[in-house]
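here is the input, now give the coordinates:
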Amino acid sequence: MSAPTLWRDLRRFTAARVALGRVGNGLPTAAHLDFQEAHAQARDAVWSTLDVPALQAALGAQVVASAAPDRRTYLLRPDLGRRLAEGASFTPRPGCFAIVVADGLCATGVQAQAPALVASLTTGLQRAGWDVAPPVIATQARVAIGDAIGQALGAAMVAVLIGERPGLSALDSMGIYLTHAPRPGRTDAERNCISNIRPGGLSLAEAVAKLLWLVAAARGLGATGVALKDEQPALPLIEDQPGGR
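Numbers count the residues shown, from 1 in each chain. Okay, here's the model as predicted:
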């Protein structure tokens, strides 16, 4: 099999820009224009916002805002996105599991995927004996806003569902950050992250299964982050399954 054929075959397995061809020392015009379009869409996606009323109706959630008053400030001042706006209040629910749904750097994937994921996650947590607090929607929010929310609720753990930075091939990716004993001052080294949740990446079912495993492991260990290794049994490869090659 020739090298060009191998490169073309690789494109069947990835949305990455490989085997695009060339014209002289440059890309073909179509590939160049496609890159420029994708780059423009990614830049626009950073300015996307949640349809809060629709999401609130779907989740039955409380809505809060970060200390960033608008999107421009949010992008220029990441520190403000990590703090709650003044006046936010919560009804304490000691020992609960808190779920925060945040817009992050691209709200598209969160808007589309959060309702189904929260419903499935809540069912799994309740079966495991957790008291699950009503979800909280946080706007102009960064991951660490979950620490303040979790502390205010008295939560044992918090999961922050947040829009991930848009890329050149994905504008709908969502991540989940799990933190044990949340409180302001926690670092990213004290969290576990599940990323690339989207139709072309990790499925909702896989993400929920992964999160429930991490929650159970964190509950036993009393910690998340670098102390908690993801040792969830892996699904068998296609080749290893009955009828596989």
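
now do the contacts for the residue nearest the centre of the chain.
Geometric centre of the chain, nearest residue: Gly175, 1.3 Å, by CA atoms, centre = their mean. Gly175 sits next to 104, 161-164, 193-197 when contact means CB atoms under 8 Å, 6 or more residues apart in numbering. (C-beta placed from N, C-alpha, C; glycine too.)

now render these as TSV, adding pLDDT, secondary structure and neighbour count.
Shown next, in TSV, are the contacts of Gly175 (pLDDT from 0 to 100; DSSP: H, G, I helix; E, B strand; the rest coil; neighbours: other CB atoms under 10 Å):
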residue	pLDDT	secondary structure	neighbour count
Gly104	94	coil	27
Leu161	98	strand	28
Ile162	97	strand	28
Gly163	94	strand	28
Glu164	90	coil	22
Cys193	97	strand	17
Ile194	96	strand	20
Ser195	94	strand	15
Asn196	92	strand	15
Ile197	95	strand	26
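
number of nearby residues for Gln126?
By other CB atoms under 10 Å, 12 other residues sit near Gln126.

torsion angles phi and psi at it?
When read as degrees, to the nearest 10, the backbone of Gln126 gives phi -70, psi -40.

list the contacts for it?
Val132.

now swap in Ala54 and tell me
Gln111.

for this structure, which segments count as helices?
3-10, 29-45, 52-59, 71-76, 78-81, 108-127, 145-153, 204-221 (DSSP state H).

which of those helices sits closest to Pro184?
Nearest to Pro184 among those is helix 145-153 (5.1 Å), distances taken as CB to CB.

residues in contact with that closest one?
64, 66, 81-84, 88-93, 96, 98, 100, 102, 133, 136, 138, 155, 157-160, 177, 179, 182-186.

write the ChimeraX selection for whichever of those are buried.
A single ChimeraX command selects the buried members of these (16 or more other CB atoms under 10 Å):
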select :64,66,81,82,83,84,88,90,93,96,98,100,102,133,136,138,155,157,158,159,160,177,179,182,186
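
pull the number of nearby residues for Ser120.
For Ser120, using other CB under 10 Å, the count is 17.

tell me, how many neighbours does the residue nearest to it when sequence neighbours are not counted end up with?
Leaving out its chain neighbours, the residue that sits closest to Ser120 by CB to CB, 6 or more residues apart in numbering is Val208, at 4.8 Å. Close neighbours of Val208, defined as other CB under 10 Å, add up to 23.

could you dump the helices of the chain into TSV with mean pLDDT and distance to Val23 added?
Shown next, in TSV, are these (pLDDT from 0 to 100; distance: least, CB to CB, whole Å):
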stretch	mean pLDDT	distance to Val23
helix 3-10	65	15
helix 29-45	79	7
helix 52-59	95	46
helix 71-76	95	36
helix 78-81	97	41
helix 108-127	96	33
helix 145-153	98	48
helix 204-221	96	40
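
before we move on, the earlier item: in strands, which of the contacts of helix 145-153 fall?
64, 98, 100, 102, 136, 138, 157-160, 177, 179 (DSSP state E).

spatially, which two of the residues you listed are the most separated?
Val64 and Met157 (18.6 Å).

sorry, back to before: so what's the residue nearest to the centre of the chain bridging to?
Note on Gly175: beta-bridge partners Ile162, judged by DSSP bridges.

give me the distance between it and Gly163.
8 Å (CB to CB, to the nearest Å).

one more: Arg219?
From Arg219 across to Gly163, the span is 27 Å (CB to CB).

phi, psi of Arg186?
With angles defined as degrees, to the nearest 10, Arg186 sits at phi -60, psi 150.

Ala144 is in contact with that one, correct?
Yes. Shown here, Arg186 and Ala144 form a contact pair, counting by CB atoms under 8 Å, at 7.0 Å.
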